[in-house]
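A.B. asks: Kindly return the folded structure for what I paste below:
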Amino acid sequence: GTDVAKEAAARALGILAGYADSRVLIAAAGGIPSLVELAQSGTDGAKAAAAVALGMLAGDADNRVSIAAASGIPSLVELLKNGPYDAKLAATWALGHLVNDADIKVSMAAFGAIPPLVE
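C.D. replies: Coordinates of the predicted model:
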């Protein structure tokens, strides 16, 4: 799809991920790897929308593992360090939801999330 359509889809997934049942369905449909990819290579708006959606999906413990497995942690840390302002805010918020998993805490530190969070 177009860049506009991808951003709109990410925003819609973020809204839907506010509901527990939808979080499971989005993950089962392959939404997590698609959102991680969009967070890496989308437009500035799409990156922010993807980060918000990933943060919402992280409300589910299994999804936190899936986000980490899809390289979501380094993608979000990269946004935190070098993304546009809105994407930095969204990445910070998403990482805050992912930190509920002990292994992800270690991964976040390994990918350098702590220095930009305290700056």
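A.B. asks: where exactly do the helices run in the protein?
C.D. replies: Secondary structure of the chain (DSSP state H): helices at 3-16, 20-28, 31-41, 44-57, 61-69, 72-82, 85-98, 102-110, 114-118.
A.B. asks: And the closest residue in space to residue 33 that isn't next to it in sequence, how far from residue 64?
C.D. replies: With C-beta to C-beta, 6 or more residues apart in numbering as the criterion, residue 33 has its nearest non-adjacent residue at 4.5 Å, and that residue is residue 70. In this view, the C-beta of every residue, glycine as well, is placed from N, C-alpha and C. Here residue 70 is placed at a distance of 11 Å from residue 64 (C-beta to C-beta, to the nearest Å).
A.B. asks: Looking at the two now, which is surrounded by more residues?
C.D. replies: When residue 70 is set against residue 64 and neighbours are counted by other C-beta atoms under 10 Å, the residue ahead is residue 64, at 22 against 17.
A.B. asks: and that one, what pLDDT?
C.D. replies: Each residue has a pLDDT score; the one for residue 64 is 95.
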